[in-house]
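[1] here is my input, please return the structure:
(4 chains)
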There are 2 protein chains.
Amino acid sequence: MTGERRTGTGRPTIRDVAAVAGVSMKTVSRVVNGEPGVSDQLTLRVTAAIEQLRYRHNLAASTLRRADGRTATVGVLLIDIGDPFFSSVNRAIQHVARARGVDVLVACSDEDPTLERMVIQAFARRYVDGLILAPTGEDHSHLTRELEAGVPLVVFDRPASIDTDAVLSDNRVAVATGVAHLIRAGHRRIAYIGGDHDDVFPVQQRLAGYVDALTDAGVEVDKRLVRHCHTPRQTQRALETLLAQRDPPTALFTCTNHITLNVIRTIKAMGVQHSVAVLGFDDFPAADLMEPPVSVIAQDPAAIGERAAEVLFRRIDGDRSPASVHVIPTVLIPRGSGEIPGPVRDPSVAVLCE
Amino acid sequence: MTGERRTGTGRPTIRDVAAVAGVSMKTVSRVVNGEPGVSDQLTLRVTAAIEQLRYRHNLAASTLRRADGRTATVGVLLIDIGDPFFSSVNRAIQHVARARGVDVLVACSDEDPTLERMVIQAFARRYVDGLILAPTGEDHSHLTRELEAGVPLVVFDRPASIDTDAVLSDNRVAVATGVAHLIRAGHRRIAYIGGDHDDVFPVQQRLAGYVDALTDAGVEVDKRLVRHCHTPRQTQRALETLLAQRDPPTALFTCTNHITLNVIRTIKAMGVQHSVAVLGFDDFPAADLMEPPVSVIAQDPAAIGERAAEVLFRRIDGDRSPASVHVIPTVLIPRGSGEIPGPVRDPSVAVLCE
DNA sequence: CTGAAAGCGCTTACAG
DNA sequence: CTGAAAGCGCTTACAG
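    Next up, the predicted model:
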């Protein structure tokens, strides 16, 4: 029964605090925002009133009136928040944002361009200070609107069809290096096992890197060795067909985390896990515990997320330099499965491949 | 050069749109909010002006003035966004929220109560419509303020020390069931391998479940078999000590995902992976690909996230029923490592254990 | 050091 | 079907 006035939603406002403390709204505002130049006495009275009323500063109202209009919010749009790659990127972004006192809106597009557009619009209505996203689909022109509206935008995992900052792994070179590693181990018949979304840029690049490595080594690209499997059963049938043919692959490059597991599951069931080499794209927690341990090409999602956030905040802080592409290094981790030797023992190839 | 007025941040407002369309602000508001009762002619003019000016509706300003004060935002606070358990929970929440057109602020506390408090305050300043969090620490009284302010709150993974909705797994029963499974397989010397944060509620419950199962079966609890290992090296030393002692454990219960992997790594290095039984808490993607495949007690993070979101939105929609605890079932997945037989072949125990 | 008035972009409550 | 005025909770720009 302190007699304070409660407006709108019933929550106490600066006006209520001012009334209880017996000061002006401006003074309360000064205290709340930590502005200097309020006497200790008034500060105490205001603080007490805030505590008494359980006053909560309304950031939205503050932002609305402020000159800079900053919301201290950024939007992050991932493809799939449950995927270890994206959740690691997300974690890194979170840490950079938290250190700046910026809150993060997170959403996933599930590889759906329509959903992406809806989320971007939702973020735009919230006037986020910036956006980090893994773009989906071909046409990203709707993102131009954000840029024109002055909202900094950083894409990762995939480049966008617009002129903006990008943080990427060089999938093509990474895979070419990996496949060259298999060739050096004596393999010539190397299968490429892809899966869903083989039309997205990074995955296309992986196929290109596979072709690059074979071409560089003078190995013919056999299209029958390039397969796309969308289910465990398809993977099983594909591998059974491949390994039963008269000139079977002796090594398998698996295009994603998910496919790597499916392939290993299948070749274990077939009992050939120690005779067929496997090199997977993207690392996973238990890769070293497989039999044999799984060699992979690993991206660095923590570095990708950190860089993306750094670039974004630099833009938010006023950086107006031209958009740039940041390539985050990948690393080939030899653990055993990728070092199973192939049939060829030709030192000249070793020279060809470096 | 359409002569529109640009206020504040330089972005077009409803006033600008109204001026260009030659209507009142209220009419623009009606069109933007899809309210009925605007003639087709005016709707067209307004739509054209919106398009021309690239007008973007300001949700914060709208919320500020609206009677209900809803922000269409919820806050989600996880322990670690990179952990597969939490990222699966998060994904499920995201999907439920997206279907309602609600945006999600995500943050992680990293098991730090101070950080938790900071994040909750940040969310509160944004006037989120509700909160879902995995609480950290002992004292959650600061959350009472949110409840008193009318902000619905759902905790998961761990109960909170306040009266609010909770979505939990029954860790104690789950582990007791799992350890009973080991006992039934003939084990009596069963080690409990814990790790970091063994003081948090769900982990304490796992130890309690372990003790329950042994006690129920009339097996003495040997404290030397209960170990906490914080690093791979500690895990290695602990297991070497345990397995070298005169009455070594024949089965290992591993308390978390992370520890399961460390333990498997160690026993593989020791070459005893086929003679020592292992049962892990929480499933992981490649568990079936280990040698032997790893038996686990699996939580259902998707169901946990979905339920938490459903409960939250029910509260947001006005549900005022007493707070309730939702227990999401766990499942024991026997894959091999947990079915390695122990030395005892006493059918009476099978009776004792069910 | 302190405060009264105006206004951020929007919706309410009302009148026509 | 349409609009003019007031006000959501806050900060700005100014005056004292």
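
[2] tell me where chain A has helices.
    Along chain A, counting by DSSP state H, helices occupy A:14-21, A:25-32, A:40-53, A:59-65, A:84-99, A:113-125, A:142-148, A:171-184, A:201-216, A:232-244, A:257-270, A:301-316, A:347-352.

[3] nearest to B:Val200, out of these?
    Judged by Cβ to Cβ, the one of the helices of chain A that comes nearest to B:Val200 is helix A:84-99, at 19.5 Å. Bear in mind the C-beta positions are built from the backbone N, C-alpha and C, glycine included.

[4] need the CA coordinates for the closest one. CSV is fine.
    Written as CSV, here are the backbone C-alpha positions of helix A:84-99 (Å, rounded to 0.1, in the frame of the first residue of the first chain):
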residue,chain,number,x,y,z
PRO,A,84,27.2,-30.4,-33.6
PHE,A,85,28.7,-28.1,-36.1
PHE,A,86,26.1,-25.5,-35.7
SER,A,87,25.7,-25.8,-32.0
SER,A,88,29.5,-25.3,-31.7
VAL,A,89,29.3,-22.2,-33.9
ASN,A,90,26.4,-21.0,-31.8
ARG,A,91,28.3,-21.5,-28.6
ALA,A,92,31.2,-19.4,-29.8
ILE,A,93,28.9,-16.6,-30.9
GLN,A,94,27.1,-16.7,-27.6
HIS,A,95,30.3,-16.2,-25.7
VAL,A,96,31.4,-13.2,-27.7
ALA,A,97,28.0,-11.6,-27.5
ARG,A,98,27.7,-12.2,-23.8
ALA,A,99,31.0,-10.5,-23.2
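
[5] ok so, going back, how about JSON lines for the helices of chain A, with mean neighbour count and distance to B:Glu35 added?
    Output for the helices of chain A, formatted as JSON lines (neighbours: other Cβ atoms under 10 Å in any protein chain shown; distance: least, Cβ to Cβ, whole Å):
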{"stretch": "helix A:14-21", "mean neighbour count": "21", "distance to B:Glu35": "30"}
{"stretch": "helix A:25-32", "mean neighbour count": "19", "distance to B:Glu35": "33"}
{"stretch": "helix A:40-53", "mean neighbour count": "16", "distance to B:Glu35": "35"}
{"stretch": "helix A:59-65", "mean neighbour count": "18", "distance to B:Glu35": "22"}
{"stretch": "helix A:84-99", "mean neighbour count": "22", "distance to B:Glu35": "36"}
{"stretch": "helix A:113-125", "mean neighbour count": "18", "distance to B:Glu35": "17"}
{"stretch": "helix A:142-148", "mean neighbour count": "16", "distance to B:Glu35": "25"}
{"stretch": "helix A:171-184", "mean neighbour count": "23", "distance to B:Glu35": "48"}
{"stretch": "helix A:201-216", "mean neighbour count": "20", "distance to B:Glu35": "42"}
{"stretch": "helix A:232-244", "mean neighbour count": "16", "distance to B:Glu35": "50"}
{"stretch": "helix A:257-270", "mean neighbour count": "21", "distance to B:Glu35": "46"}
{"stretch": "helix A:301-316", "mean neighbour count": "22", "distance to B:Glu35": "35"}
{"stretch": "helix A:347-352", "mean neighbour count": "12", "distance to B:Glu35": "70"}
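
[6] need the ones you listed in CSV with mean pLDDT, can you?
    Below are these laid out as CSV (pLDDT from 0 to 100):
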stretch, mean pLDDT
helix A:14-21, 91
helix A:25-32, 92
helix A:40-53, 90
helix A:59-65, 92
helix A:84-99, 95
helix A:113-125, 94
helix A:142-148, 88
helix A:171-184, 97
helix A:201-216, 95
helix A:232-244, 93
helix A:257-270, 93
helix A:301-316, 97
helix A:347-352, 48
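
[7] could you redo these as JSON lines and give each row distance to B:Ala61?
    Formatted as JSON lines, the helices of chain A follow (distance: least, Cβ to Cβ, whole Å):
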{"stretch": "helix A:14-21", "distance to B:Ala61": "17"}
{"stretch": "helix A:25-32", "distance to B:Ala61": "19"}
{"stretch": "helix A:40-53", "distance to B:Ala61": "24"}
{"stretch": "helix A:59-65", "distance to B:Ala61": "6"}
{"stretch": "helix A:84-99", "distance to B:Ala61": "24"}
{"stretch": "helix A:113-125", "distance to B:Ala61": "10"}
{"stretch": "helix A:142-148", "distance to B:Ala61": "19"}
{"stretch": "helix A:171-184", "distance to B:Ala61": "43"}
{"stretch": "helix A:201-216", "distance to B:Ala61": "38"}
{"stretch": "helix A:232-244", "distance to B:Ala61": "51"}
{"stretch": "helix A:257-270", "distance to B:Ala61": "43"}
{"stretch": "helix A:301-316", "distance to B:Ala61": "21"}
{"stretch": "helix A:347-352", "distance to B:Ala61": "65"}
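
[8] out of the ones you listed, nearest to B:Thr164?
    Proximity to B:Thr164 (Cβ to Cβ) singles out helix A:40-53 among these, at 22.8 Å.

[9] can you give me the end-to-end distance of stretch A:324-337?
    End-to-end distance of stretch A:324-337 (Cα to Cα, to the nearest Å): 37 Å.

[10] take the helices of chain A and write them to JSON lines, including distance to DNA strand D.
    Output for the helices of chain A, formatted as JSON lines (distance: least, Cβ to the nearest atom of the strand, whole Å):
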{"stretch": "helix A:14-21", "distance to DNA strand D": "3"}
{"stretch": "helix A:25-32", "distance to DNA strand D": "3"}
{"stretch": "helix A:40-53", "distance to DNA strand D": "10"}
{"stretch": "helix A:59-65", "distance to DNA strand D": "3"}
{"stretch": "helix A:84-99", "distance to DNA strand D": "21"}
{"stretch": "helix A:113-125", "distance to DNA strand D": "16"}
{"stretch": "helix A:142-148", "distance to DNA strand D": "24"}
{"stretch": "helix A:171-184", "distance to DNA strand D": "45"}
{"stretch": "helix A:201-216", "distance to DNA strand D": "42"}
{"stretch": "helix A:232-244", "distance to DNA strand D": "55"}
{"stretch": "helix A:257-270", "distance to DNA strand D": "46"}
{"stretch": "helix A:301-316", "distance to DNA strand D": "17"}
{"stretch": "helix A:347-352", "distance to DNA strand D": "65"}
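
[11] what is the end-to-end distance of stretch A:64-77?
    For stretch A:64-77, the first-to-last residue distance is 25 Å (Cα to Cα).

[12] same question for stretch A:123-132.
    End-to-end distance for stretch A:123-132: 11 Å, by Cα to Cα.

[13] is that stretch anywhere near DNA strand C?
    No. With Cβ under 7 Å from any atom of the strand as the criterion, DNA strand C is not reached by stretch A:123-132; the gap is at least 8.7 Å.

[14] which residues are contacting that stretch?
    Stretch A:123-132 is contacted from outside by A:63, A:69-77, A:93, A:102, A:105, A:107, A:120, A:145-146, A:149, A:151-156, A:308-309, A:312-313, A:315-316, B:56-60, B:73, B:103, using Cβ atoms under 8 Å, 6 or more residues apart in numbering or on different chains.

[15] I'm done for today, thanks for sticking with me.
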